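K.L.:
no FASTA, just this:
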C-alpha cells in the first residue's frame, strides 16, 4: 500500500530597512513552498516547488554610492521560483 502526502508552507516577512538611515527598504512579502509525493514500503516519489508564486524581493542591500547606482544601494535579489523532484528506494 502507498501513502500520498501534501505539504504547504508560507513564510511572511514584514517591512524592513536596509540600514540605519532608513533611506531604502523592502516592503512586506511572503514566500510559499509546496511539496507533494507518494511513499510506499520501499520506494518514494516526490516533487517540490519553492517560491511558488515567483515573488520578487531583495532580502539584503547595502549603501554604495561609488558605482553611480541611481538608488545608491547594491542588493541581492531573492531566489526565483525553483522546483524539482526525486524518486528512490529505501530498505
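P.N.:
Okay, I see it. Values in this document were obtained by computation on a predicted structure and should not be read as measured data.
K.L.:
can you give me the strands in the chain?
P.N.:
3-13, 16-17, 25-26, 29-39, 43-50, 60-63, 73-76, 82-89 (DSSP state E).
K.L.:
and the fourth one, average pLDDT?
P.N.:
The average pLDDT for strand 29-39 rounds to 97.
K.L.:
And it, how far out from the chain middle?
P.N.:
11 Å (C-alpha atoms, centre = their mean, to the nearest Å).
K.L.:
going forward can the numbers begin at 609, since that is how I track them
P.N.:
Happy to do that; since the first residue is 609 now, the last one works out to strand 637-647.
K.L.:
State the paired neighbours of it in the sheet, together with their directions.
P.N.:
Strand pairing for strand 637-647, using DSSP bridges, gives strand 611-621 (antiparallel), strand 651-658 (antiparallel).
K.L.:
Just the buried positions in the shortest one, please.
P.N.:
To tie it back to what came earlier, the one meant is strand 651-658. Going by neighbour count (16 or more other C-beta atoms under 10 Å), the buried part of strand 651-658 is 652, 654, 656-658. Where you see a C-beta, it was placed from the backbone N, CA and C, and this is true even at glycine.
K.L.:
Export those as a markdown table, with columns for distance to residue 641 and pLDDT.
P.N.:
Listed next are the buried residues of strand 651-658 as a markdown table, based on distance: C-beta to C-beta, whole Å; pLDDT from 0 to 100:
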| residue | distance to residue 641 | pLDDT |
| --- | --- | --- |
| 652 | 18 | 97 |
| 654 | 13 | 97 |
| 656 | 7 | 98 |
| 657 | 7 | 98 |
| 658 | 5 | 98 |
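K.L.:
In those, find the pair that's most separated.
P.N.:
Spanning the widest gap among those are 652 and 658, at 19.1 Å by C-beta to C-beta.
K.L.:
sorry, back to before: using TSV, please lay out the strands paired with strand 637-647 together with distance to residue 687.
P.N.:
Listed next are the strands paired with strand 637-647 as TSV, based on distance: least, C-beta to C-beta, whole Å:
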stretch	distance to residue 687
strand 611-621	13
strand 651-658	7
